[in-house]
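[1] Let me see the structure of the following:
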Amino acid sequence: MEKIRTGYTYADVLLVPKKTPLNSRSEADVKTFFTKNIPLNIPLVSSNMATVTEHEMAISLAREGGLGIIHQFNTIEEQVEEVKKVKKSTSFVVDHPVTCNSNIDLQSALGIMSTHNITSLIVVDGIEVIGILTARDYQFETNMQKLVSSMMTPRERLITAEYGISFEDAKEILKKNRVEKLPLLENNQLKGLITTIDIKKHEAWPSSSRDSLGRLMVGAAVGVKDCLERARALVNAGVDVLVLDIAHAHSDLTIEKLKELKSNFPIDVVAGNIATADAAKDLILAGADGLKVGIGPSPVCTTRIISGSGVPQLTAIMDVVRVAKEYNIPVSADGGIKYSGDLSKAIAAGASTGYCGSIFSGTTESPGIIMFKDGRRYKRYMGSASYENNHERKENLDGKRYKQKLDIHVEGVSNLVEYKGPVSDIIQSMIKGLRSGISYCGARNIREMQINAEFIRITSAGWEESKSRGMKLSE
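    Just a heads-up that it's a prediction; the model follows:
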């Protein structure tokens, strides 16, 4: 009989402390890669779960230097809108400024602004810029039928700049002229817009994850059913990376869809979930730019119980990394990360990022309402394969309610998680813990941590010894 291997997860091991070269843990460099072409300033990615990542979560993760992956448990149009909200939230240059004609009235102009959630409009005649309508022009106006042409700042008084101007030069023009909007022109045609609000956002989050236009980066998940149609719409909306998210991704169908995505779109694709070296090699050869590891480690996943299949997460990461590093493909550890120490162990084992759901659930930015139960505040956290998530997805896609119980295969559960407040607090706490882990490994950065890392297996008593003990002063 073949010898049965032992699989390990985070609570089975500790990192052996080494002599550190750092004067302070804050010196540890946590820059990493999500895919072979997408760098991140912190190794945290929010999971594409319906109760974890929509635009608010994705914006917060990107501002901190990580990445949010918009879930696919909605219509294509809804997912696209979530991506657009992230892309429009901040940028160096607004690529397609909203415009209007000078012959519309104020009521119509305000309607356009409301639709796009903005406070100003560039006024054009055909393709030529002839003015700008800002809040200062209409803030005290009561006549809604008044024409834009009689209220706008005309072209001769308009402060503009040439398209392609540097960020610092644009900032100086805005400061010198005390204006908040700077239209960018090329042959008097509108090519872009720079605003003081976007400059302030850039300076407030200097480590944020941004694309070449200065917009926050965002990813989105696709499944196998409407894979190409959904991917095409997301790529057109400006998504930065696609995640081909399949519960058991080591399959002929996943490989086929991965090849289709790579042959149709010039975009990085992360494939998962997997737990073995063989799966890693097959998906890499099919074109994967990143891999997602995790079969059953999530607290709202019951795959290991229902199917009897899976690999303990630390062992799964090591097995996949062993192959992935030969091809320089980053690995994301998906599931089971409950503490910052778990993130340290996942990274030390070879993962480039932690792909997290539970630690981000229950925050202000996670989708869903805050509920009160027994004097405490909670939010829902649904497993992607839970009955509740699948029932709500079918209702959403079909546009109607189902009172009867549906025939759905379930490999997940739904929980209530305590409300945690802003996700930025969680992110900063996790990264501080990781920096501490890098220091204890005698390293300066993630790469050195992975080289220096030495794991020691611990007993259940060792794990109990690791936890806090005694009577807590507060929850």
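[2] so when I look at residue 284, I'm seeing a strand, right?
    No - if the criterion is DSSP: H, G, I helix; E, B strand; the rest coil, then residue 284 is helix and not within a strand.
[3] Run a quick neighbour tally on residue 276.
    17 (other CB atoms under 10 Å). In this view, the C-beta of every residue, glycine as well, is placed from N, C-alpha and C.
[4] ok, it to residue 311 distance?
    Note on residue 276: its distance to residue 311, by CB to CB, to the nearest Å, is 7 Å.
[5] Give me the common contacts of the two.
    residue 319 (CB atoms under 8 Å, 6 or more residues apart in numbering).
[6] In the protein, where's the longest helix?
    helix 423-440 (DSSP state H).
[7] residues making contact with that helix?
    Under the criterion CB under 8 Å, 6+ apart, residues 15, 17-18, 20, 22, 25-26, 28-30, 42-44, 57, 60-61, 63-64, 66, 339-341, 343-345, 347-348, 354, 359-360, 363-366, 420, 444-446, 448-449 lie in contact with helix 423-440.
[8] The spatially most central residue of the chain pairs with what?
    Centroid check for the chain by CA atoms, centre = their mean gives residue 68 as the closest residue, at 0.6 Å. Note on residue 68: beta-bridge partners by DSSP bridges are residue 46.
[9] residues in contact with it?
    Counted by CB under 8 Å, 6+ apart, residue 68 has contacts 45-46, 53, 57-62, 86, 218-219.
[10] can you rerun that using 7 Å?
    The neighbours of residue 68, taking CB atoms under 7 Å, 6 or more residues apart in numbering as the test, are 46, 53, 57-58, 61-62, 218-219.
[11] same check, this time on residue 193
    Residues in contact with residue 193 (CB under 7 Å, 6+ apart) are 94, 97, 122, 181-184.
[12] ok, 6 Å please
    By CB atoms under 6 Å, 6 or more residues apart in numbering, residue 193 lies in contact with 94, 97, 183.
[13] before we move on, the earlier item: kindly give a single PyMOL line that selects the buried subset of the contacts of helix 423-440.
    Restricted to buried positions by 16 or more other CB atoms under 10 Å, the PyMOL selection for these reads:
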select buried, resi 15+20+25+28+30+42+43+44+57+60+61+63+64+66+340+341+343+344+345+347+348+354+359+360+363+364+365+366+420+444+446+448+449
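[14] Go through the contacts of helix 423-440 and flag which are in helices.
    Counting by DSSP H, the part of these found in helices is 57, 60-61, 63-64, 340-341, 343-345, 347-348, 446, 448-449.
[15] Could you identify the most distant pair in those residues?
    Spatially, the most separated pair among the ones in helices among the contacts of helix 423-440 is 57 and 448, at 30.7 Å (CB to CB).
[16] returning to that earlier point: how far is the longest helix of the chain from where the chain is centred?
    Relative to the chain's own centre, helix 423-440 is displaced by 18 Å; criterion: CA atoms, centre = their mean, to the nearest Å.
[17] So what does residue 19 look like in phi/psi?
    phi -60, psi 130 (degrees, to the nearest 10).
[18] So which bits of stretch 86-106 are buried?
    86-95, 97, 99-102, 104-106.
[19] how far is that stretch from where the chain is centred?
    On the basis of CA atoms, centre = their mean, stretch 86-106 sits 25 Å off its chain's mean C-alpha point.
[20] now swap in stretch 134-146 and tell me
    The answer for stretch 134-146 is 38 Å, by CA atoms, centre = their mean.
[21] Now the terminal residues of that stretch, how far apart.
    Terminal residues of stretch 134-146 lie 15 Å apart, using CA to CA, to the nearest Å.
[22] Repeat that for stretch 205-219.
    Stretch 205-219 end-to-end distance (CA to CA) = 19 Å.
[23] same thing with stretch 371-381?
    Length of stretch 371-381, first residue to last, CA to CA: 12 Å.
[24] Residues touching that stretch, excluding its own?
    Counting by CB under 6 Å, 6+ apart, 51, 361-362, 368, 370, 415-419 sit against stretch 371-381.
[25] what mean pLDDT does the longest helix of the chain have?
    For helix 423-440, mean pLDDT is 98.
[26] For it, buried residues please.
    Neighbour count says helix 423-440 has 423-424, 426-427, 430-431, 433-440 buried, by 16+ other CB under 10 Å.
[27] would you list those in TSV and tack on distance to residue 382?
    Formatted as TSV, those follow (distance: CB to CB, whole Å):
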residue	distance to residue 382
423	18
424	23
426	19
427	22
430	22
431	26
433	27
434	27
435	32
436	32
437	30
438	33
439	37
440	35
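[28] about what we covered before: just the ones of the contacts of residue 193 in strands?
    residue 183 (DSSP state E).
[29] Return the member of the contacts of residue 193 nearest to residue 330.
    residue 94 (31.2 Å).
[30] Domain boundaries for this structure, per the record?
    For the chain, the structural domains run 10-90+216-466, 99-204, going by automatic domain parsing.
[31] Check those domains for me and report the most buried one.
    Across the domains of the chain, the average number of neighbours (mean count of other CB atoms under 10 Å) peaks for domain 10-90+216-466, which reaches a mean of 20.
[32] Between its first and last residues, what's the separation in that domain?
    12 Å.
[33] what residue ranges in the stretch 1-150 of the chain score low on pLDDT?
    Applying pLDDT under 70 to the stretch 1-150 of the chain flags residues 1.
[34] give me that answer again for 80
    For the stretch 1-150 of the chain, the stretches flagged by pLDDT under 80 are 1-2, 91-92, 95, 127.
[35] Please apply the same query to the stretch 301-450 of the chain.
    382-414.
[36] circling back to that earlier point, tell me the one of the contacts of stretch 371-381 nearest residue 249?
    residue 51 (22.0 Å).
[37] Quick check: the closest one is in a helix.
    No - according to three-state DSSP, residue 51 belongs to no helix; its state is coil.
[38] and it, what does it touch?
    Per CB under 6 Å, 6+ apart, neighbours of residue 51: 367-368, 380-382.
[39] got those residues as JSON lines, with secondary structure and distance to residue 199 columns?
    Below are the contacts of residue 51 laid out as JSON lines (DSSP: H, G, I helix; E, B strand; the rest coil; distance: CB to CB, whole Å):
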{"residue": "367", "secondary structure": "coil", "distance to residue 199": "30"}
{"residue": "368", "secondary structure": "coil", "distance to residue 199": "33"}
{"residue": "380", "secondary structure": "strand", "distance to residue 199": "37"}
{"residue": "381", "secondary structure": "strand", "distance to residue 199": "37"}
{"residue": "382", "secondary structure": "strand", "distance to residue 199": "39"}
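[40] export the residues you listed to CSV and tack on distance to residue 138?
    Output for these, formatted as CSV (distance: CB to CB, whole Å):
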residue, distance to residue 138
367, 34
368, 37
380, 42
381, 44
382, 44
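[41] Just give me the closest of those residues to residue 453.
    residue 381 (30.6 Å).
[42] Quick check on the nearest residue to that closest one once chain neighbours are set aside: phi, psi?
    Closest residue to residue 381 apart from its sequence neighbours, by CB to CB, 6 or more residues apart in numbering: residue 361 at 4.0 Å. Here is the backbone geometry of residue 361 (degrees, to the nearest 10): phi -70, psi 150.
[43] Ok, residue 314 next?
    phi -60, psi -40.
[44] just the helices in the stretch 1-150 of the chain please.
    Ranges of helices in the stretch 1-150 of the chain, per DSSP state H, counting those that start in this stretch, are 55-64, 76-89, 106-116, 135-138.
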